[in-house]
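J.: Everything below, folded, please.
(chains A, B, C and D)
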2 protein chains.
Amino acid sequence: MSRMGSMELRQVRYFLALAEECHFGRAAARLHVAQPALSQQIKQLERELGTPLFHRSTRHVELTEAGRELTGYARTLLAEAERARVHMQELATGRAGRVSVGFIGTATYDVLPRVARTVRAQLPDITLELHGELLTPQLVDGLLSGGYDLAVFRSGTAAEGIDLTPLRTEKLVAVLPSHHPLAASAPLPLGALAGEPFVIHPAGPRSAMHDRILTACREAGFQPPSLVEVGETATLVVLVAAGHGVALVPESVQSLRLDGVTYVPLAEQETVDLVLGRRAPHSTAAAQQVAAVVEECVRE
Amino acid sequence: MSRMGSMELRQVRYFLALAEECHFGRAAARLHVAQPALSQQIKQLERELGTPLFHRSTRHVELTEAGRELTGYARTLLAEAERARVHMQELATGRAGRVSVGFIGTATYDVLPRVARTVRAQLPDITLELHGELLTPQLVDGLLSGGYDLAVFRSGTAAEGIDLTPLRTEKLVAVLPSHHPLAASAPLPLGALAGEPFVIHPAGPRSAMHDRILTACREAGFQPPSLVEVGETATLVVLVAAGHGVALVPESVQSLRLDGVTYVPLAEQETVDLVLGRRAPHSTAAAQQVAAVVEECVRE
DNA sequence: AGACATTCATAATGGCTCCTTATGAATACC
DNA sequence: GGTATTCATAAGGAGCCATTATGAATGTCT
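T.: Just a heads-up that it's a prediction; the model follows:
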């Protein structure tokens, strides 16, 4: 039983070279092989396809009809293989790919748009999936389950299997209704807000900000008399504008300008850290590139 | 220096099997190879492409993003290779291809349309190039130069490098203007046409009919007093209708019905042979198929 | 017409690739 | 924690593909 092989790309490459040169010697030279190698491979290809591809005499080499028809397929095959190779190389070097990035609420209005712009400019072949206004636990779960390749969130929630890179430390600022008596007094000692109702991110494992703010208040010697909990940072600011209370947010939220609210620096150095998380074991090359862009966007 | 190979179709086949099974053992079984062979080939493909294609643990095999992207290319490559293989096989067995057939004038109105119809019905993937109203020397040259794959013409012109197959022997019939006194007398002894002007195919090497007809006249004991030479058989009949003379044509020309002419059988058994010629050394498989159709069309 | 040069096919051999069996390590499951 | 499954690695053998050497055919030049 004569071991039946299938058509291989090497044979296609050989065939096309010979089809273009119509000369075994020159084609073989172009392929960097000796002439008999070419003769044998062409002969084998002809056996496999069941039809001669060239009329040959010692003085003349010419495509048969089948050979002419095959050149089209051959070119298609080699071009497709080359496209695949290039695309794979782009993915390997991270110049292309799909990267999903999640942002915590307070980074949505500041970091997210800058990342989107920079990636589009510097890594045009990367497709970004951006998700804003998320909560830290969602982001951590998403990283671990593969839903997100990268996540920007508040530090404190260390988890197994996630690489953390500190992005920046932000000062907290107070958010007051514009008509509030303290709206003009900067810097504002945190203690001045004692007795005010607070609008705050959700408690429990759902947000890192909640604990951070209550801790700051406790350190300033008071406890907010009432709390309104709200998930999205934008809604939080809107509630302050509507007079439902005051709030503490990272200074980057100041990008979110709204009529009726004033951001007031605190006298204290209360800070929260923003970190970039990526799946530790298998992080895509494209994700690494985008991670670099995120760090770059935050630094300046 | 690590011998750099290029991507091969075998690797693509292996990759796709594994991508679909997501299990080395099953995929290897499907490919009829042992599992380590598959592992090695996949690893080599990954080395060549510069990126992992699968996340693997001992308990889980899953495509990476690059792997997912590659499946598209892989399917395209294999499908194209398969299309090429099928098309080549069609060409090899003669079920597809392009065949150029030339017909001598007197076969144009009889054999040609039947061949066209039958090929279209029985060999739908064959593209026919049909040429009618040609002269024997043109056809022989065309066969030898490759301009025609097959030719239907009159016997007598044997040539080197052409396979001849007799198709049929046709009786000659007289063509007379309908008002001619002899138009009603059938069978007509050839000698009755003595003294009539003859419309005839061109002399010399350009047509086999010319000599055949003059020989017949000589055997009947006369020589036409005047000759009008005309290339196309249709024109010949038209000239007879116009009263320019009489003519002798193979009986198949009777398919060409024209007002003003009458075909009259001869008393003598004067015949001409119709043959099919094909290039002797390299005749396409498709041409063989068409040749069979031509013979079949003529026999009935 | 004959000698020559060119070119493709074939033969024989060697190296490399690929496949095989055997074995080890890791992970999920009981 | 033991066990079974599964993938990777190692080592060896078979086969494919390459090489060099040689022969046959054809076109060309003297």
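
J.: Next to DNA strand C, which bits of chain A? Give me the list.
T.: A:23-25, A:35-36, A:39-40, A:42-43, A:56-59, A:61 (Cβ under 7 Å from any atom of the strand). (C-beta placed from N, C-alpha, C; glycine too.)

J.: who wins for most neighbours among those?
T.: Highest neighbour count within the residues of chain A next to DNA strand C: A:I42, with 24 neighbours (other Cβ atoms under 10 Å in any protein chain shown).

J.: If I follow the layout properly, that one ends up in contact with A:A19?
T.: No: using Cβ atoms under 8 Å, A:I42 is not in contact with A:A19; the gap is 9.9 Å.

J.: got any residues that touch both of these two?
T.: Overlap of the contact sets of A:I42 and A:A19 (by Cβ atoms under 8 Å, 6 or more residues apart in numbering or on different chains) consists of A:L53.

J.: What count of nearby residues applies to A:V246?
T.: A:V246, neighbours per other Cβ under 10 Å, totals 24.

J.: And for A:V272?
T.: There are 22 residues near A:V272, going by other Cβ under 10 Å.

J.: who are the neighbours of the strand or helix carrying it, in terms of helices and strands?
T.: Taking DSSP states H and E as the criterion, A:V272 maps to strand A:271-279. Identification of packing neighbours for strand A:271-279 by 3 or more Cβ pairs under 8 Å, 6 or more residues apart in numbering or on different chains; DSSP states H and E yields helix A:136-145, strand A:150-154, strand A:162-177, helix A:208-219, helix A:285-299.

J.: Parallel or antiparallel, which strands does that strand pair with?
T.: strand A:150-154 (antiparallel), strand A:162-177 (antiparallel) (DSSP bridges).

J.: what angle separates the shortest one from helix A:136-145?
T.: Computed by axes from the mean of the first three to the mean of the last three Cα atoms, to 10 degrees, the angle separating strand A:150-154 from helix A:136-145 equals 150 degrees.

J.: ok, residues contacting strand A:150-154?
T.: A:99-104, A:106-107, A:111-112, A:134, A:136, A:139-140, A:142-143, A:167, A:208-209, A:212, A:272-278, A:287, A:290-291, A:294.

J.: switch to 6 Å and redo it
T.: Applying Cβ atoms under 6 Å, 6 or more residues apart in numbering or on different chains, the contact partners of strand A:150-154 are A:101-104, A:107, A:111, A:136, A:139, A:143, A:208, A:272, A:276-278, A:287, A:291.

J.: can you list the residues of the stretch 1-150 of chain A near chain B?
T.: Contact residues, the stretch 1-150 of chain A versus chain B (Cβ under 6 Å from any Cβ of the partner chain): A:7-9, A:49-51, A:65-66, A:73, A:76-77, A:80-81, A:84, A:88-89, A:91-92, A:97.

J.: Out of those residues, which end up buried?
T.: A:7-9, A:49, A:51, A:65-66, A:73, A:76-77, A:80-81, A:84, A:88, A:91-92, A:97 (16 or more other Cβ atoms under 10 Å in any protein chain shown).

J.: Sketch out the helices for chain A, chain order is fine.
T.: Assigned by DSSP state H, chain A shows helices spanning A:9-21, A:24-31, A:35-49, A:65-93, A:105-108, A:111-122, A:136-145, A:208-219, A:233-241, A:285-299.

J.: Tell me what A:V199 is bridged to.
T.: Going by DSSP bridges, A:V199 forms beta bridges with A:V228.

J.: Give the full set of residues in contact with it.
T.: Here A:V199 is in contact with A:V228, A:L236, A:L239, A:V240, A:H244, A:G245, A:A247 (criterion: Cβ under 6 Å, 6+ apart).

J.: cutoff 8 Å now
T.: Per Cβ under 8 Å, 6+ apart, neighbours of A:V199: A:V175, A:L227, A:V228, A:V230, A:L236, A:L239, A:V240, A:H244, A:G245, A:V246, A:A247.

J.: Give me the number of neighbouring residues for A:L256.
T.: Neighbours around A:L256, by other Cβ under 10 Å: 19.

J.: ugh, wrong one, A:T165
T.: 13.

J.: so what pLDDT did it get?
T.: The model reports A:T165 with a pLDDT of 91.

J.: cool, A:G97 as well?
T.: 86.

J.: same thing with the one 3 residues further on?
T.: According to the model's per-residue confidence, A:S100 sits at a pLDDT of 93.

J.: wait, isn't it in contact with A:T127?
T.: No: with contact defined as Cβ under 8 Å, A:S100 does not reach A:T127; the gap is 9.4 Å.

J.: neighbour-wise, which of the two wins?
T.: A:S100 (20 against 13).

J.: what about the nearest residue to that one once chain neighbours are set aside, neighbour count?
T.: Spatially, and ignoring its direct neighbours in sequence, A:S100 is nearest to A:E129 (4.0 Å; Cβ to Cβ, 6 or more residues apart in numbering or on different chains). Number of residues near A:E129 (other Cβ under 10 Å) recorded here: 12.

J.: can you tell me which residues contact A:E129?
T.: A:E129 neighbours (Cβ under 8 Å, 6+ apart): A:R98, A:V99, A:S100, A:V101.

J.: Between these, which sits nearest DNA strand C?
T.: Distance to DNA strand C, by Cβ to the nearest atom of the strand, is smallest for A:S100 among these, at 23.1 Å.

J.: roughly how far apart are the closest one and DNA strand D?
T.: Separation of A:S100 from DNA strand D (Cβ to the nearest atom of the strand, to the nearest Å) stands at 26 Å.

J.: what residue ranges in the stretch 101-250 of chain A score low on pLDDT?
T.: A:157-160, A:205-206 (pLDDT under 70).

J.: closest point of it to chain B, which residue?
T.: A:D149 (9.3 Å; Cβ to the nearest Cβ).

J.: what's the neighbour count on the nearest residue to that residue once chain neighbours are set aside?
T.: Distances taken as Cβ to Cβ, 6+ apart put A:A287 closest to A:D149, at 4.1 Å, once the chain neighbours are dropped. Residues near A:A287, counting by other Cβ under 10 Å, number 23.

J.: Isn't A:F15 up against A:L49?
T.: No: at 9.7 Å, A:F15 does not count as touching A:L49 under the criterion of Cβ under 8 Å.

J.: Quick check: neighbours shared by these two?
T.: Shared contacts of A:F15 and A:L49, counting by Cβ under 8 Å, 6+ apart, come down to A:L70.

J.: how about the residues of chain A near DNA strand D?
T.: A:3, A:5, A:8, A:10, A:32-37, A:40-41, A:44, A:57-60.

J.: one more time with 10 Å
T.: Residues of chain A found near DNA strand D (Cβ under 10 Å from any atom of the strand) are A:1-6, A:8, A:10-11, A:13-14, A:28, A:31-42, A:44-45, A:56-60.
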